[in-house]
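1. sequence below, structure please.
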Amino acid sequence: MRLLLALIVSLCATPALAQEAASVSAEVLRDALTHSVTRTPQALGLEEALHRSLADNLGLRAKIRELEAARYRSKASIAPWLPILTAAGNARPFKNERWFDQYEAWERTDGNSANYSLGVRSALPVGTTVNLGWSQGTFNQFTTYDPEIFITNPLDPDNPIPVLANNDFHTRWSALSLSLNQSLLKGISPTWHLQGMWQAEIAVDSASLQRDKEIASVLSDTLKAYWDLVAATENVAIAQEARELAVSQREITQARIGAGDLAPIELLRIDETTATRSSEVLQAEQALEEAEGRLKMVLGVGLNDTLAYARILPTDGATLLLPERTRDGSLQSALASNLDLRLARASIESRNIQWAGDKHARLPSLDLNASLTLNGRGFDLAEAVDDVFARKFPDFEIGLVFAMPLPDIGSWNTARASGAEVEAALLTLQQAEREVLAGIEAALLQILSFDKQVEVAQVRIDLAARTAEASEATYSVGRNTLRDVLEAHQALKSARQARVAAEVQALKSRIDLEVLRGTLLQTLGVELE
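-> Next up, the predicted model:
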């Protein structure tokens, strides 16, 4: 059987999480107590169990939210390289007055000024910052004197010379400016400027791997819990059959005692065996309850779910069609696709970027600043604008700024720390690779061992079944003892239980191998949308 699952991320990350995380109300608790009294059987297939575990797992929802957050941060990391539009404006009315003792007159000033500016600023990954701006303003002032003061013009008596005369002044100005800042040493490398963006992209990849790892973990836990429930269900059936056989042997024994073929003491022995088989049934049923509880926990079954009060009946057995894996292929696949190793390599890549940036930060700062402003002034805006484009009043400035800490302890030690972190991450990766490869070897050996155990258990079952059948036949005619019959039945029971355990363990080992290979999602046909 090949499972085909579709994991729709948007559905797994719905805002309903906040409601589900709320505390359980008293009404829900009352319903839980009411339903827990009657446990109705409910069938559950393996594929349905996998779907439920993916849809309701809180840990998976958290990983999906973390992936969304990483994607948003990656989009936000391009913000420093987007153009920025600036706009500003202000207006200032003013009044003033003063007294001239020399002329015994008041000077009163009433006026206003206003201006606005528009600009665009852009930064480049090579450390260049460019600012382009346009601004205009106006200045208006009306001055009055109380009284006005004039003196006689000896050359032109009809036109006296004004000393303190009322006047009205208006002027307009415009400016077009371009400024540039270029980092000549530290900031000219894209590594220095783009490391945040690169690390944000790596963070998205890491969050995606964490999500996939969580999905693989959920699927693995669900498969194992489901198969444990299957095994526990089969063990209950085996224990019940053993008890029924013991009861039937008691009837045979009692008949033979009545016929005088056996001593009455044999009835005590068969009663003891029956009691033991009944106890084993209770133990198997207890193990079944525990396995069912673990599966419900993995499925994320809440108190408001009908499955919480039902007795789960697994409709699929402990079987799953998984491809046969070779040692060399598994080792190569693990090195290339194991999620833990891929996460470790992403961490190393991020740390290498940080290390490169920290090493570059050891350079001193040397910035080139240049600006050019074209100014214009006049009594009206048209005149002020014409002066700007006629380059009548240019203003150019250029300079260098150098800065270096003495001594530069911070950046040098930060670079050393980043280098040590890279080395530590490399060593951690090597250790993880060794553990994964060792896990591959162990999983392959376990698969081989449990497959052999399944074969041996089947042989034991066939032999024990024939032995038990022969013992029952010979016992019924008095040719062997009750002990022989009971031992044969016990051997059959143990062989059947051993086969169930070996089958489940073999499947679990194959799932562990797929997880180590990093191919569980592809093997199960999980599609991420």
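
2. V281 against A237, yeah?
-> No - V281 sits out of contact with A237 when judged by Cβ atoms under 8 Å, with a separation of 9.9 Å. Every residue, glycine included, has its C-beta placed from N, CA and C.

3. neighbour count winner among the two?
-> V281 (20 against 14; other Cβ atoms under 10 Å).

4. burial of the closest residue to that one other than its chain neighbours, as a residue count?
-> Leaving aside its sequence neighbours, V281 sits nearest to A239 (Cβ to Cβ, 6 or more residues apart in numbering; 4.4 Å). A239 has 24 neighbours, counted by other Cβ under 10 Å.

5. any idea how far the helix or strand that contains A239 is from the chain center?
-> According to DSSP states H and E, A239 maps onto helix 190-258. The chain centroid and the centroid of helix 190-258 are separated by 24 Å under Cα atoms, centre = their mean, to the nearest Å.

6. give the next helix or strand downstream of it.
-> Next element after helix 190-258 (DSSP H and E): helix 265-299.

7. pull up the pairing partners for the following helix or strand past that next one, direction included.
-> Scanning forward in sequence from helix 265-299 by DSSP H and E, the next helix or strand is strand 311-314. Here strand 311-314 has these sheet partners by DSSP bridges: strand 41-44 (parallel).

8. what is the rounded mean pLDDT of the partner strand?
-> Computed over strand 41-44, the mean pLDDT rounds to 89.

9. secondary structure class for G376?
-> strand (DSSP: H, G, I helix; E, B strand; the rest coil).

10. in terms of contact, does it touch E383 like I think?
-> Yes - the pair G376 and E383 passes the contact test of Cβ under 8 Å, sitting 7.4 Å apart.

11. between these two, who's got more neighbours?
-> G376 (23 against 15).

12. distance of L343 relative to D358?
-> 22 Å (Cβ to Cβ, to the nearest Å).

13. show me the contacts for the residue nearest to V281.
-> Under the criterion of Cβ atoms under 8 Å, 6 or more residues apart in numbering, the neighbours of A239 are R277, E280, V281, Q283, A284, K493.

14. ok, the second one - contacts?
-> Neighbouring residues of E280 by Cβ under 8 Å, 6+ apart: A239, A242, R243.

15. can you show me the strands along the protein?
-> 5-7, 41-44, 84-100, 105-123, 128-146, 149-151, 161-164, 167-183, 311-314, 365-378, 393-403, 526-528 (DSSP state E).

16. quick one: closest of those to E503.
-> Among these, strand 311-314 comes nearest to E503, with 13.8 Å by Cβ to Cβ.

17. now do the buried residues in that closest one.
-> I312, P314 (16 or more other Cβ atoms under 10 Å).

18. domain ranges for this structure?
-> If you go by automatic domain parsing, the domain ranges for the chain are 27-56+196-357+411-524, 85-124+127-183+365-403.

19. which of the helices and strands in this protein ranks last by mean pLDDT?
-> One helix or strand of the chain scores below all others by mean pLDDT, DSSP states H and E: helix 17-20, with a mean of 37.

20. then stretch 379-394 to CSV, C-alphas only?
-> Provided in CSV are the C-alpha atoms of stretch 379-394 (Å, rounded to 0.1, in the frame of the first residue of the first chain):
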residue,chain,number,x,y,z
PHE,A,379,11.6,88.1,-6.5
ASP,A,380,9.3,85.4,-8.0
LEU,A,381,9.4,81.7,-8.3
ALA,A,382,10.0,81.7,-12.1
GLU,A,383,13.2,83.7,-11.6
ALA,A,384,14.4,81.5,-8.8
VAL,A,385,13.8,78.3,-10.9
ASP,A,386,15.5,79.8,-13.9
ASP,A,387,18.6,80.6,-11.8
VAL,A,388,18.8,76.9,-10.7
PHE,A,389,18.8,75.4,-14.2
ALA,A,390,21.1,78.2,-15.4
ARG,A,391,23.6,77.0,-12.7
LYS,A,392,23.9,80.6,-11.6
PHE,A,393,24.8,79.9,-8.0
PRO,A,394,26.4,76.4,-7.8
